[in-house]
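**Student:** Predicted model, plus sequence, below.
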Amino acid sequence: MNPMEIDVTNIILLVLLILIMIYLVYDSYIKKPRKKTYVVRELLTCTKCKFNVERDFEPGDFIGIIKGKCPSCGGDLKLKAIYAVEKK
Amino acid sequence: MLLEWCLELNGDFSSTVSLVIQIIWIILFLLLITGLNQKIQLKLWILDIRMKLNTIQSILEEDKNKVRNILRNLGVDVPEAVLSRVLEFFTIEPVEIEPTDIIKRMDHLLRTTETSVRRIIEASIPNLGRYERSLIESSMSIIAALNIVYKVIRHYLITGERENNFILIMQLVYSMPQLMKIVQTYHEALESFTQGRPIGDGAGPLVVYNILEKSHVKSRRVVDDTSVIEAYYKDRRIILIKAEGPGSNVGHPGAVLSKVIEELKGGVDLVITIDAALKLEGEETGSIAEGVGAAIGDPGPEKIAIERATSKYNIPLRALVIKMDLKEAITTMKKEIYEACERTLLHIEKILEENTSPNSTVIIAGIGNTMGIPG
C-alpha cells in the first residue's frame, strides 16, 4: 500500500465530527437571539382640539395629568397614555 | 508537517487516523463502563448552573443597590435594616386539610401581610406619601421574589453537588433557561416600578379609566384601597371599580364588588370584569377574548367574593381579558396593549347593548395593578 494513500472515509468522518461539535457549541453558547430594546413614550392629547403629540416619558408622570398647553389652540395638554415602543 | 510526522510515526497516514479513531472509541467505552462520563457531565452542569447563579446574584445586588439608593434619597440612614426585614418576610399558607373557612383565613393572612409590610416601611420612612410608599413596597416585593429564586437555586445546587445527585442537577440545569428568563423579567420590571410607569397588568384599570373619561360621573368614593365610581355611560348606570391610583396598588376589587352588590340588594343587571391574562405561546399580544366568570388572578379570596355575590343574586358575570406574556404583564405597558385597551371599550359597548337595556345598572371592574393610572 502506498504510504501517501489517504483513507478518505476516515477523513470525512473526522471533519464531520468536528463540524458538528463546532455547530453544537455555537448553538448552545454563542448564538443568542436578538434582544429587543424599548423606549418609553407618553402620548399627550389636547382637551379641546384633540391635537396629539408623542414625547419621551419623564419619571413621575402618570396618565391624566396636565402637561403644558396645546401649540395649536392653547388648550390643556393631557397625558393620555404611557407605553413602551420598540427602538428602531 | 503533520503529514510528515504521521509518515515518520507509522509510515502510513491512513493507519494513523484509524489508530486515533480506535483510541477515541476505547476512551469512550472506558468512560461508559466506569460511569465517569456521568461525573464529567455532572461537573459541566454544575459549572453551568454556578455561572448562571453568579449572574442572578449580580442582578440581585444591582437591584438591591438601586432600592438602597432610593431609600437613602428618602432619608433612611440604614436602608439595609428595612430591606432585609422586607426581603425575608414570609406568609405561612393556611391549613388546607380542613377546608372550612379557608378563604376567610387566607384573606386574613393576605391582608395581615399587606398591612405588616406597609407598617414596616411606614415606620422606617414616616413622612412618605402614599404614592411613593406604594412604589417602594412593590420594588421591595420584586427584590424579595428575586431573592427567593436565588436562594432556592443555590439550595438545590449545593444539595445536588454534595450528594452527587445527577437527577436533581439535571432537572435544575434544564430549568435554568426558564428561571433566567423570569429573573430577567423581574429585573426589567423594577425600573417600571421605581418610576411609576403603567405596566401591562394595568390593562383592566386603564379600560375602566377610559370609560370614566367618557362618562358622566355622579359620585366617587374609596373603599379598602379601591375606587368605586358611579357614572352614566351609554344610557346605563355604571358602577366602575378599580384599585385606587395612580400608586402601585391592586386594591380589593372582589370584596368591594361584593359589598356594592349587597348595598344595592342585588339590584345589578350585569357584572363585567376586565383583566390581563397570560397568553399561550403563539397567541398575539393585545388580543382580546370574552367569556363568562370572574377575570381575576388572586390567590382566591377576591375571586370567590365576586362569584358568591353574583351567584347569590343570579347576576350574569361576564369577563374580558387582554392577552400578554408574563414579561409584558409586569414591565412597562407596550403600545399593543394600550391599543387593545382602546379596542376593549368597543367590546364592552357591544356586551352592554346585547345584555342590558337603557337605565340598567352595570358593574364594571378593572382588575390589576393601577400604577400610573389615576382614579
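**Tutor:** Cool, the structure landed. Residues are numbered from 1 along each chain as shown, chains lettered A, B, ... in the order given.
**Student:** Only C-alpha atoms from now on, for both contacts and neighbour counts.
**Tutor:** OK.
**Student:** Quick one: residues contacting the residue in the stretch 151-300 of chain B that chain A sits nearest to.
**Tutor:** Shortest the stretch 151-300 of chain B-to-chain A distance, computed as C-alpha to the nearest C-alpha: residue-wise this is residue B:195, at 5.1 Å. The neighbourhood of residue B:195, defined by C-alpha atoms under 8 Å, 6 or more residues apart in numbering or on different chains, consists of A:59-60, B:135.
**Student:** Now for the residues you listed, which sits with the most neighbours around it?
**Tutor:** For these, neighbours were counted using other C-alpha atoms under 10 Å in any protein chain shown, and residue B:135 has the most, 21 neighbours in all.
**Student:** Would you double-check that that residue falls in a strand?
**Tutor:** No: with DSSP: H, G, I helix; E, B strand; the rest coil as the criterion, residue B:135 is located in helix rather than a strand.
**Student:** from what I can see it touches residue B:247, true?
**Tutor:** Yes: Residue B:135 is in contact with residue B:247 according to C-alpha atoms under 8 Å; the separation is 6.7 Å.
**Student:** Find the residues that touch each one of the two.
**Tutor:** Where contact means C-alpha under 8 Å, 6+ apart, the residues bridging residue B:135 and residue B:247 through contact with each are residue B:196.
**Student:** Could you chop chain B up by domain?
**Tutor:** B:2-34, B:39-195, B:200-366 (automatic domain parsing).
**Student:** As TSV, those domains with distance to residue A:84 and mean pLDDT would be great.
**Tutor:** Rendered in TSV, the data for the domains of chain B read as follows (distance: least, C-alpha to C-alpha, whole Å; pLDDT from 0 to 100):
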stretch	distance to residue A:84	mean pLDDT
domain B:2-34	53	75
domain B:39-195	10	93
domain B:200-366	5	95
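**Student:** most packed of those?
**Tutor:** Ranked by mean neighbour count under mean count of other C-alpha atoms under 10 Å in any protein chain shown, the domains of chain B are led by domain B:200-366, which reaches a mean of 20.
**Student:** which residues touch residue 65?
**Tutor:** Using chain A here. Contact partners of residue A:65, counting by C-alpha under 8 Å, 6+ apart, are A:78-79.
**Student:** All the strands of chain A, in order from the start?
**Tutor:** A:38-46, A:52-56, A:66-69, A:76-86 (DSSP state E).
**Student:** of all these, which lies closest to chain B?
**Tutor:** Within these, the stretch nearest chain B is strand A:76-86; the backing value is 4.6 Å (C-alpha to the nearest C-alpha).
**Student:** now what about that closest one, what contacts it?
**Tutor:** Strand A:76-86 is contacted from outside by A:36-48, A:57, A:62-70, B:197-198, B:332-335, B:338, using C-alpha under 8 Å, 6+ apart.
**Student:** in it, what's buried?
**Tutor:** A:76-85 (16 or more other C-alpha atoms under 10 Å in any protein chain shown).
**Student:** can I get those in JSON lines with pLDDT and distance to residue B:368?
**Tutor:** Shown next, in JSON lines, are the buried residues of strand A:76-86 (pLDDT from 0 to 100; distance: C-alpha to C-alpha, whole Å):
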{"residue": "A:76", "pLDDT": "91", "distance to residue B:368": "29"}
{"residue": "A:77", "pLDDT": "93", "distance to residue B:368": "27"}
{"residue": "A:78", "pLDDT": "93", "distance to residue B:368": "23"}
{"residue": "A:79", "pLDDT": "94", "distance to residue B:368": "20"}
{"residue": "A:80", "pLDDT": "94", "distance to residue B:368": "19"}
{"residue": "A:81", "pLDDT": "94", "distance to residue B:368": "17"}
{"residue": "A:82", "pLDDT": "95", "distance to residue B:368": "16"}
{"residue": "A:83", "pLDDT": "95", "distance to residue B:368": "16"}
{"residue": "A:84", "pLDDT": "95", "distance to residue B:368": "18"}
{"residue": "A:85", "pLDDT": "94", "distance to residue B:368": "22"}
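**Student:** Quick check: the farthest pair among those?
**Tutor:** A:76 and A:85 (25.0 Å; C-alpha to C-alpha).
**Student:** Low-confidence regions, chain A specifically.
**Tutor:** Along chain A, the model assigns pLDDT under 70 to residues A:1-6.
**Student:** Nearest residue to the middle of it?
**Tutor:** residue A:36 (1.6 Å; C-alpha atoms, centre = their mean).
**Student:** Need phi/psi at that one.
**Tutor:** Backbone torsions of residue A:36, given as degrees, to the nearest 10, read phi -80, psi 140.
**Student:** so who does it touch?
**Tutor:** With the criterion set at C-alpha under 8 Å, 6+ apart, residue A:36 makes contact with A:86-87.
**Student:** Name the nearest residue to residue B:257, ignoring sequence neighbours.
**Tutor:** Counting by C-alpha to C-alpha, 6 or more residues apart in numbering or on different chains, residue B:306 is the residue found nearest to residue B:257 once chain neighbours are left out, at 6.6 Å.
**Student:** Which other helices and strands does the helix or strand hosting the one you found contact?
**Tutor:** Following DSSP states H and E, one finds residue B:306 within helix B:301-312. Judged by 3 or more C-alpha pairs under 8 Å, 6 or more residues apart in numbering or on different chains; DSSP states H and E, helix B:301-312 is in contact with helix B:102-124, helix B:253-263.
**Student:** and the helix or strand containing residue B:341, anywhere near chain A?
**Tutor:** Of the helices and strands defined by DSSP H and E, residue B:341 is found in helix B:335-355. Yes: using C-alpha under 8 Å from any C-alpha of the partner chain, we find that helix B:335-355 touches chain A at B:335, B:338.
**Student:** could you give the angle of that helix to strand A:38-46?
**Tutor:** Computed by axes from the mean of the first three to the mean of the last three C-alpha atoms, to 10 degrees, the angle separating helix B:335-355 from strand A:38-46 equals 50 degrees.
**Student:** Other residues contacting helix B:335-355?
**Tutor:** Helix B:335-355 is contacted by residues A:81, A:83-85, B:200, B:203-204, B:206-207, B:210-211, B:234, B:270, B:285-288, B:320, B:322, B:324 when judged by C-alpha under 8 Å, 6+ apart.
**Student:** hmm, 6 Å instead?
**Tutor:** Helix B:335-355 is touched from outside by A:83-84, B:207, B:286, with contacts defined as C-alpha atoms under 6 Å, 6 or more residues apart in numbering or on different chains.
**Student:** Grab the CA positions of that helix and hand them over as CSV.
**Tutor:** Once non-C-alpha atoms are left out, helix B:335-355 reads as follows in CSV (Å, rounded to 0.1, in the frame of the first residue of the first chain):
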residue,chain,number,x,y,z
LYS,B,335,-48.2,50.1,22.8
GLU,B,336,-50.0,47.0,21.5
ILE,B,337,-51.6,46.5,25.0
TYR,B,338,-52.6,50.2,25.2
GLU,B,339,-54.3,49.9,21.8
ALA,B,340,-56.0,46.8,22.9
CYS,B,341,-57.4,48.7,25.9
GLU,B,342,-58.9,51.2,23.5
ARG,B,343,-60.5,48.4,21.5
THR,B,344,-61.8,46.7,24.6
LEU,B,345,-64.2,49.7,25.0
LEU,B,346,-66.0,48.6,21.8
HIS,B,347,-66.3,45.1,23.2
ILE,B,348,-67.9,46.5,26.4
GLU,B,349,-70.3,48.6,24.4
LYS,B,350,-71.3,45.5,22.4
ILE,B,351,-71.8,43.5,25.6
LEU,B,352,-73.9,46.3,27.2
GLU,B,353,-76.1,46.6,24.1
GLU,B,354,-76.6,42.8,23.8
ASN,B,355,-77.2,42.1,27.5
